[in-house]
Every structure is written in structure tokens, then in C-alpha cells.
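Colleague: Predicted model, plus sequence, below.
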2 protein chains.
Amino acid sequence: MSNAKKTANLFSLPAISDDAEQIATLASAAGMRIERIVSHGHSSPADFWYDQDEDEWVILLTGAAGLTFDDGNPPQTLQPGDYLLIPAGERHRVEWTAPDQETVWLAIFSNTPMRAAP
Amino acid sequence: MSNAKKTANLFSLPAISDDAEQIATLASAAGMRIERIVSHGHSSPADFWYDQDEDEWVILLTGAAGLTFDDGNPPQTLQPGDYLLIPAGERHRVEWTAPDQETVWLAIFSNTPMRAAP
């Protein structure tokens, strides 16, 4: 319980290099974990698709991003506060993130199926 | 999967009354759920302590709040981005939230023990 009740700030970021996305696990429990992802102009490599074993609920908190699903639809632009559920196996990629500021995501992964609220 | 891949915005809030906190479950899976909590000047009732069966990882995203644990220490002020893990059974209360704007929290509850990252 040493880290419990101790407050940290999601936006207090170590310097990140321009060529690597930064991923940090903030907390975890059986079958789930909470990650902070920081992008700075990063995008998924050409022809790369995320194809995950886990369900992911993700919210963009600062910056902006373009997210594409492998369903033929154009990218959707995510602004601060935008969230969605990405079921396991839904192929997706990040087309772009804001070049001039950090894009901070909070992602919750679950290895059991996640339901979005109606 | 009808609600999957559909984007919503955490800060697009229905009007809330001054006398009720608004709690919405955004997504859930086995043993966990994700909630948005919106406060507008609310605080915990006098002498009330939250004493929860679940572990809670919570982040304050807009507004501000004063959070007290039942350990004799003074309230800590939470600003946007501040997050912490509140283990089950850790009695706590919200002393105050910002009176002039909405305080939006994102909380992840787990019924198995959650570990904070080092």
C-alpha cells in the first residue's frame, strides 16, 4: 500500500524524445491495467495496424489525434475528452497526433470483454 | 458491439443541478467499471466517510477538490491531472469542490486489489 493515497499528476511528464512514444502503467489489477500514453507527433508506422488481445477503453486528454479503424471509413479526429471502446481484435491505427504539443491518452485495458454504457 | 468504436466526449455534460452529484458508468468489464463523476460545489455530508468495498483509481480532470483521508492529515488539494489510488476500506471524504465550475473525475473501480505503479 506504499503508493496508495499518494497523489501524482498525469500531466507532469518527463521529457520525451521526438522519436518514441512513451507508455507508462499507472496501476493494475487482476485482468486490467491503466496506462498513460504520450505521443508527440507520432503516428503508427505505414501499414501497421494494432490488433490487440485486450479490450481497450481510451480517452484523449490533451492534444489531438486521427484514429482509423480497418473498416474502410476515414480517420476520425479525437479532441480532448473524446473517448471510445476498442474491442479486442478491432484493427486500428493512429494516423497522426498533434505535431506541436503532447498528446496524452489514458487507456484502460481489460482481458475480459468490456461493455460500453448505452 | 453496438457502442464500440463510437466516440463520445467526457466533457459534454448534461446540465446538472446544484444539489446532486452526477455519476455515470461509461464502461465495465468483469470486476471493474469506469465512471465519470461530476461535482459542482458539492462536498461529502458532514461526518460522512466513503468506506468502499472496491479499490478506486481516480483522476481529477477539471475543477478542483479537497480530499481528506481518515488518518488525521489535512485535506489534500487536487488539481487537474492529479490522480491517486484509494484502496478498499480507506475511509475518505470530499471536503469541497470548486464552486464556480464543474469538477470532472474519472474513476476506475476494481473488486480485486489494485497496485499503483512504483
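Modeller: That came in fine, so what should we check first? Residues are numbered from 1 along each chain as shown, chains lettered A, B, ... in the order given.
Colleague: Let me know whether residue A:58 touches residue A:104 as I believe.
Modeller: No: if you go by Cβ atoms under 8 Å, residue A:58 and residue A:104 don't touch, sitting 11.2 Å apart. The way it works is simple: take the backbone N, C-alpha and C, and place the C-beta from them, glycine included.
Colleague: Isn't residue A:106 up against residue B:107?
Modeller: No: applying Cβ under 8 Å, one finds residue A:106 not in contact with residue B:107, separated by 11.9 Å.
Colleague: what touches both of those two?
Modeller: Common neighbours of residue A:106 and residue B:107 are listed as residue B:59 (criterion: Cβ atoms under 8 Å, 6 or more residues apart in numbering or on different chains).
Colleague: And stretch A:24-41, end to end?
Modeller: By Cα to Cα, to the nearest Å, the extent of stretch A:24-41 from end to end equals 18 Å.
Colleague: Next, see if it gets close to chain B.
Modeller: Yes: Stretch A:24-41 is in contact with chain B by Cβ under 8 Å from any Cβ of the partner chain, via A:24-32, A:34.
Colleague: Tell me how far stretch A:34-54 lies from the chain's centre.
Modeller: Its chain's C-alpha centre and that of stretch A:34-54 lie 7 Å apart, by Cα atoms, centre = their mean, to the nearest Å.
Colleague: buried stuff in it?
Modeller: Neighbour-count burial for stretch A:34-54 flags A:34-42, A:44, A:54 (criterion: 16 or more other Cβ atoms under 10 Å in any protein chain shown).
Colleague: go on, stretch A:68-75?
Modeller: Residues of stretch A:68-75 classed as buried: A:68-69 (neighbour count, 16+ other Cβ under 10 Å).
Colleague: just checking, which of the residues of stretch A:24-41 next to chain B belong to strands?
Modeller: Mapping the residues of stretch A:24-41 next to chain B onto strands (DSSP state E) picks out A:24-29, A:32, A:34.
Colleague: Widest-spaced pair of these?
Modeller: Distance extremes for these: the farthest pair is A:24 and A:29 at 16.4 Å, using Cβ to Cβ.
Colleague: So those two - more neighbours on which side?
Modeller: residue A:29 (21 against 13; other Cβ atoms under 10 Å in any protein chain shown).
Colleague: Identify the bridge partners of the more buried one.
Modeller: Here residue A:29 sits in beta bridges with residue A:32, going by DSSP bridges.
Colleague: what about it, distance to residue B:31?
Modeller: Between residue A:29 and residue B:31 the computed distance is 8 Å (Cβ to Cβ, to the nearest Å).
Colleague: surely residue A:76 meets residue A:66?
Modeller: Yes: using Cβ under 8 Å, residue A:76 is in contact with residue A:66, at 7.2 Å.
Colleague: And for the nearest residue to residue A:50 once chain neighbours are set aside, the neighbour number?
Modeller: Computed as Cβ to Cβ, 6 or more residues apart in numbering or on different chains, the closest residue to residue A:50 that is not its neighbour in sequence is residue A:92, at 5.3 Å. The number of residues packed near residue A:92 is 21, by other Cβ under 10 Å.
Colleague: what's residue A:92 in contact with, if anything?
Modeller: If you count contacts by Cβ under 8 Å, 6+ apart, then residue A:92 has A:49-50, A:67-70, A:86 around it.
Colleague: What pLDDT is listed against it?
Modeller: For residue A:92, the model assigns a pLDDT of 95.
Colleague: Same check on residue A:118?
Modeller: The model reports residue A:118 with a pLDDT of 71.
Colleague: ok, how many other residues are close to it?
Modeller: 6.
Colleague: likewise residue A:58?
Modeller: As a burial measure, residue A:58 scores 20 neighbours (other Cβ under 10 Å).
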